[in-house]
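Trainee: would you be able to build a 3D model of this:
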Amino acid sequence: MAEPQTVRGFIVARLPFGNTSLIVRCLSREAGRLTFMAKGATRPKSPFAGLLDLFYLADLLYQPSRSGEMHTLREIKLIEAHLGLRRSYANLVAAQYFAALIETVTETGTPVPGEFELFSKALGYLSETEVSWRAVERFESRMLTLAGIAHAEHDLPRAFQELHHKVPALRDDLRRLLTTQAKG
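Mentor: From the prediction side, this is the model:
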């Protein structure tokens, strides 16, 4: 049996599993995207209570899976909650879109130091500043560069189309939201 490992990562998704457990996806610098089973996480006296929220940066102690990609989460230590994100619905949607974009262009278990740093900076920015479409396009441009698919004449939808990737649907939702806010 493999030794437990610790990784620092951002929680980018959480899904219910059964009555009391959660499936948690995180983005880490060293290990890339990881998926964890947090058994009993929604029980009132769970050691995970209040610690598995979206965009939290945490140190995660886990037992690596013998086979497959779902590891068992053992402990979590919160580092940064990014509570400033919760002041604006548009900023939360932008953070969700950025996470979805990273998940689209990265592979599970592959180190992603550039994407991790970019996401970290984006969350810091979104925690303090109201998001704009210009900021979204800048993030997209940097993601395309990190993925090695940036061309001066390409925007994200065109670059994704050439690679046969699907642009996360949140992009259109975010654009509509920011357009509505700009008019109002």
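Trainee: any weak-confidence spans in this protein?
Mentor: 1, 150-155, 161-164, 184 (pLDDT under 70).
Trainee: quick one: the helices in it, in order.
Mentor: 89-105, 113-128, 133-147, 156-162, 170-183 (DSSP state H).
Trainee: please identify the deepest-packed of those.
Mentor: helix 89-105 (a mean of 20; mean count of other Cβ atoms under 10 Å). Bear in mind the C-beta positions are built from the backbone N, C-alpha and C, glycine included.
Trainee: which parts of the longest strand along the chain are buried?
Mentor: The strand that spans the most residues within the chain, counting by DSSP state E, is strand 5-17. Within strand 5-17, the residues scored as buried using 16 or more other Cβ atoms under 10 Å are Val7, Arg8, Gly9, Phe10, Ile11, Val12, Ala13, Arg14, Phe17.
Trainee: which residues does that strand contact?
Mentor: 22-31, 33-34, 37, 42, 52-62, 64, 79, 99, 102-103, 116, 119-120, 123 (Cβ atoms under 8 Å, 6 or more residues apart in numbering).
Trainee: next one: stretch 34-54
Mentor: By Cβ under 8 Å, 6+ apart, stretch 34-54 touches 7, 9, 11-14, 16-17, 19-26, 28, 58, 60, 62, 69-73, 75-76, 78, 81, 95-96, 108-109.
Trainee: recalculate using a threshold of 6 Å.
Mentor: Outside stretch 34-54, the residues that touch it by Cβ atoms under 6 Å, 6 or more residues apart in numbering are 11, 14, 20-22, 24-26, 62, 69-73, 76, 78.
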